[in-house]
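A.B. asks: The following comprises the amino acid sequence and a computationally predicted model.
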Amino acid sequence: EAGVAQSPRYKIIEKRQSVAFWCNPISGHATLYWYQQILGQGPKLLIQFQNNGVVDDSQLPKDRFSAERLKGVDSTLKIQPAKLEDSAVYLCASTGLAGGQTQYFGPGTRLTVL
Amino acid sequence: GESVGLHLPTLSVQEGDNSIINCAYSNSASDYFIWYKQESGKGPQFIIDIRSNMDKRQGQRVTVLLNKTVKHLSLQIAATQPGDSAVYFCAEKTGGGNKLTFGTGTQLKVEL
């Protein structure tokens, strides 16, 4: 079974530029998560989707971050404009059932904002 | 606020020894706990989980212990191997959704 796929693996941009990350969850997984992991810290949830609907986006900085999962499969996370403090690894995870199931993570996208 | 934290940021062990990684949590309403292993440049990898109605759960070379009285979680790795070198995170789930709150992690270093 293929795991969670993410691209790109690395991205370097200048502040105030925009950037987008892509995630394809494990086939059949209805729930998709985006996390931000700053160096030396644990992952922090940004947004959770159930199919194509948002379940929790309470920690998403909505003035600059947006995410969508239009067809309930793959998802895109966008930052516009980027700030220096957005430098982090952006992780995508998915689960098969809502509530209590293991979250499987992708390899992440390492973003560096200069 | 509620948080999940680890006592030791770095743990060094000799190959073949047992490792114990500790985690303290403060939300007594948490009903599910999970340990992840994260190697450099990779995403977190599931190790083992435990529900709040259990005190102990064993996997292959790993055991998780949950002490709800003192809100403490530990991960025991038997016969630690060089491949176990990584950062280990505990995470807790609270409420009906599947939102996980992660601790800051412990770096495990296995010395030959």
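C.D. replies: Arrived safely.
A.B. asks: for chain B, what are the nearby residues on chain A?
C.D. replies: Within chain A, the residues that sit near chain B (CB under 8 Å from any CB of the partner chain) are A:4, A:31, A:40-45, A:48, A:55-56, A:91, A:93, A:95, A:98-108. Where C-beta positions appear, they are placed from N, C-alpha and C, glycine not excepted.
A.B. asks: residue contacts, A:Q6?
C.D. replies: For A:Q6, the contact set (CB atoms under 8 Å, 6 or more residues apart in numbering or on different chains) comprises A:F21, A:W22, A:C23, A:N24, A:Y90, A:L91, A:C92, A:G106, A:P107, A:G108, A:T109.
A.B. asks: Could you verify that the first one is part of a strand?
C.D. replies: Yes: with the criterion set as DSSP: H, G, I helix; E, B strand; the rest coil, the secondary structure at A:F21 is a strand.
A.B. asks: now it: how far from A:D63?
C.D. replies: Using CB to CB, to the nearest Å, A:F21 is found at 18 Å from A:D63.
A.B. asks: neighbour count winner among those two?
C.D. replies: A:F21 (22 against 8; other CB atoms under 10 Å in any protein chain shown).
A.B. asks: Identify the bridge partners of the more buried one.
C.D. replies: When bridges are called by DSSP bridges, A:F21 pairs up with A:L77.
A.B. asks: contacting residues for A:D86?
C.D. replies: Contacts of A:D86 (CB under 8 Å, 6+ apart): A:R64, A:I79, A:L111, A:V113.
A.B. asks: thinking again about what came up before, please list only the buried members of the residues of chain A next to chain B.
C.D. replies: Among the residues of chain A next to chain B, those scoring as buried are A:4, A:31, A:42-43, A:45, A:48, A:55-56, A:91, A:93, A:95, A:103-108 (criterion: 16 or more other CB atoms under 10 Å in any protein chain shown).
A.B. asks: The residues you listed in helices, which ones?
C.D. replies: In helices, judged by DSSP state H, none of those are found.
A.B. asks: so of these, which ones are in strands?
C.D. replies: A:T31, A:L45, A:Q48, A:V55, A:D56, A:L91, A:A93, A:T95, A:Y104, A:F105 (DSSP state E).
A.B. asks: what about the first one, distance to B:T106?
C.D. replies: Looking back up the chat, that one is A:T31. A:T31 is 28 Å from B:T106, by CB to CB.
A.B. asks: And for the fifth one?
C.D. replies: Noted for A:D56: a distance of 27 Å to B:T106, by CB to CB.
A.B. asks: same check, this time on the last one
C.D. replies: For A:F105, the distance to B:T106 equals 18 Å [CB to CB].
A.B. asks: List the beta-bridge partners for the residue sitting nearest the centre point of chain A.
C.D. replies: The residue lying closest to the centre of chain A (CA atoms, centre = their mean) is A:W34, at 2.9 Å. Taking DSSP bridges as the rule, A:W34 bridges to A:I47, A:C92.
A.B. asks: How about the contacts made by it?
C.D. replies: A:C23, A:L45, A:L46, A:I47, A:A67, A:S75, A:L77, A:Y90, A:L91, A:C92.
A.B. asks: pLDDT for those - can I get that in a markdown table?
C.D. replies: Listed next are the contacts of A:W34 as a markdown table, based on pLDDT from 0 to 100:
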| residue | pLDDT |
| --- | --- |
| A:C23 | 98 |
| A:L45 | 94 |
| A:L46 | 97 |
| A:I47 | 96 |
| A:A67 | 98 |
| A:S75 | 97 |
| A:L77 | 98 |
| A:Y90 | 98 |
| A:L91 | 98 |
| A:C92 | 98 |
